[in-house]
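1. Have a look at this fold, sequence not included:
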């Protein structure tokens, strides 16, 4: 397919790898974006709001390129679990997720020719009850401070602790690739 | 955990990678095994039968080591879809899977100290309707002749074509890692 030049506005090596596996040529351009959001939004609305905000940072400077931005959040009992602020905080987050189902929402915004195309996907993830020593080992060795919910599904804790997912796997990794592909096709 | 020395009896680079991501030290030992099976078995029984047969090839030669074998099959409408015999066959298999749900069963056998521990996991996978040109591109470029069902979930066709999975992701890749970890713990 003949796509416009693609910019991925994400420093996540996982998103970059997913786009590479999709055979999509892209370059990475990063902009500083304030990720705060107004009160009263649902979790989906928060993810969409932040993904769009990341895309709006490109408004002035883009001509024929398409910009892909994304925001991934973890939701437990309708509450957003953000990124951990410390290793102790990461341990507490994983203790909360242990033995329970949570949702992972990734919102994506594709900005092209002054249009914003926003969408999201939701996946459910079930962790078995995790032992404290498993959580501590993971947090100390993998230091998941850059990860919503304090875990990477493709890392040790995901492999030994996740019983099942219901929904898109790549959405949990950080980019709902099947949906992104369909939307990019519309630009071809 | 202090495990016995582990042998992985699989040439699949995907299984080897999963075991590495689990932080498990292992060496690969391959034996030729006839993968035929008797009539009248259910798909689960077939996968378990072949996984055990692969483990039995080690019966005489193992002392304190634990041997892990696995067999992954793809099931559509209760029928086993094997590995494709040609690129044309791979194309036909993917046309069958297109737009439908199928099951992936991976059976595992862990052989240790004259005991065989067998178990399996089932995941459901949904492909969106695939275009013929997508299927042909994938088969020609990725040549999935070593893969049950003619696809790798971690490859291009998985990323752009799979809408959702219900169950273990690593089970679809080729090893139900969470279950394998729990069973290995019993040997520690």
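-> Cool, got the structure. A quick note: this is a predicted structure, and the numbers were derived from the prediction, not measured. Numbers count the residues shown, from 1 in each chain, chains lettered A, B, ... in the order given.
2. Helix, strand, or coil at residue A:53?
-> Applying DSSP: H, G, I helix; E, B strand; the rest coil to residue A:53 yields a three-state assignment of helix.
3. and the spatially closest residue to it that is not a sequence neighbour, backbone torsions?
-> Spatial nearest neighbour of residue A:53, excluding adjacent residues (C-beta to C-beta, 6 or more residues apart in numbering or on different chains): residue A:33 at 5.7 Å. Glycine gets a C-beta too; all of them are placed from N, C-alpha and C. Main-chain dihedrals, residue A:33, degrees, to the nearest 10: phi -130, psi 130.
4. Surely residue A:33 is in contact with residue A:51?
-> No. With contact defined as C-beta atoms under 8 Å, residue A:33 does not reach residue A:51; the gap is 10.0 Å.
5. For those two, work out which one has more neighbours and name it.
-> residue A:51 (25 against 15; other C-beta atoms under 10 Å in any protein chain shown).
6. hmm, back to that, give the contact list for the residue nearest to residue A:53.
-> For residue A:33, the contact set (C-beta atoms under 8 Å, 6 or more residues apart in numbering or on different chains) comprises A:50, A:53, A:54, A:57.
7. Next one: the second one from residue A:1, what distance?
-> Read it as residue A:53. Here the criterion is C-beta to C-beta, to the nearest Å. By it, residue A:53 lies 28 Å from residue A:1.
8. try the first one
-> When distance is defined by C-beta to C-beta, residue A:50 is 28 Å away from residue A:1.
9. ok, those two, which is more surrounded?
-> residue A:50 (23 against 10).
10. where does chain A have low pLDDT?
-> By pLDDT under 70, chain A has no low-scoring segment.
11. Chain B contacts on that one?
-> Contact residues, chain A versus chain B (C-beta under 8 Å from any C-beta of the partner chain): A:18, A:21-23, A:123, A:128, A:153-156, A:159-170, A:177-178, A:181.
12. Tell me what the nearest residue in space to residue A:43 that is not next to it in sequence is bridged to.
-> Using C-beta to C-beta, 6+ apart and skipping the chain neighbours, the partner closest in space to residue A:43 is residue A:75 (4.6 Å). Beta-bridge pairing of residue A:75 under DSSP bridges involves residue A:80, residue A:103.
13. wait, doesn't residue A:75 sit right on residue A:81?
-> Yes. Taking C-beta under 8 Å as the definition, residue A:75 is a contact partner of residue A:81 at 6.9 Å.
14. which neighbours do the two share?
-> residue A:102.
15. residues contacting the residue nearest to the spatial centre of chain A?
-> Centroid-nearest residue in chain A: residue A:72, 2.8 Å away (criterion: C-alpha atoms, centre = their mean). Shown in contact with residue A:72 (C-beta under 8 Å, 6+ apart): A:47, A:104, A:105, A:106, A:148, A:174.
16. sec struct for the residue of chain A most remote from its centre, please.
-> For chain A, the residue at maximal distance from the C-alpha centroid (C-alpha atoms, centre = their mean) is residue A:133, at 26.8 Å. Here residue A:133 is helix, with the state taken from three-state DSSP.
17. A strand includes the residue nearest to the centre of chain A, no?
-> Yes. The assignment for residue A:72 by three-state DSSP puts it in a strand.
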